[in-house]
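Undergrad: got a predicted model here, sequence first, then my questions.
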Amino acid sequence: MSHLINHYIKNKELIPAILDYGWIVSNNTWTDCPLKIQKRIENEQLASYFLGNNPRLVKQNQKDLGN
């Protein structure tokens with residue numbers, strides 16, 4: 001394992017977002033994305049979910065609501 005890919009991914013649901021931001025993910029467990037940035041991504045996803053800013057989530061929310 002590279003010495004740069006040394007941050008553990010606690011929340012596996014963040015992997016697609018980590019990859020979208022251009023970070024490296026190894027074995028779905030390790031990344032070069034620092035924990036501080038992972039936390040920001042997680043907070044951003046939560047805010048997008050509740051505020052409806054993410055088109056993918058809005059579509060899913062509408063589907064879940066039966067609209």
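TA: Ah, there it is.

Undergrad: list the buried residues for stretch 22-37?
TA: Of the residues in stretch 22-37, those with enough neighbours to count as buried (16 or more other Cβ atoms under 10 Å) are W23, V25, W30, T31, D32, C33. C-beta coordinates here come from the backbone N, C-alpha and C atoms, glycine included.

Undergrad: phi, psi of the third one?
TA: Okay, so that is W30. Per-residue torsions, W30: phi -120, psi 150 (degrees, to the nearest 10).

Undergrad: now, which of the buried residues of stretch 22-37 lie within strands?
TA: Residues of those located in strands (DSSP state E): V25, W30, T31.

Undergrad: my read: the first one touches I15, true?
TA: Yes: proximity of V25 to I15 meets the contact threshold set by Cβ atoms under 8 Å, at 5.6 Å.

Undergrad: what residues are shared contacts of these two?
TA: When Cβ atoms under 8 Å, 6 or more residues apart in numbering defines a contact, the residues bordering V25 and I15 alike are I9.

Undergrad: any regions of the chain where pLDDT drops low?
TA: Low-confidence segments of the chain, defined by pLDDT under 70, span residues 1-3, 49, 51-67.

Undergrad: can you tell me which helix in it is longest?
TA: helix 35-51 (DSSP state H).

Undergrad: just checking, what packs against that one?
TA: strand 7-8, helix 15-20 (3 or more Cβ pairs under 8 Å, 6 or more residues apart in numbering; DSSP states H and E).

Undergrad: returning to that earlier point: identify the farthest-apart pair in the buried residues of stretch 22-37.
TA: Of all pairs drawn from those, the greatest distance, 10.7 Å, lies between W23 and W30 (Cβ to Cβ).

Undergrad: contacting residues around D32?
TA: For D32, the contacting residues are S2, L4, I5, N6, H7, W23, I24, taking Cβ under 8 Å, 6+ apart as the criterion.

Undergrad: quick check, nearest of these to Q45?
TA: Where the contacts of D32 are concerned, and distances follow Cβ to Cβ, Q45 has its nearest neighbour in W23, at 14.6 Å.
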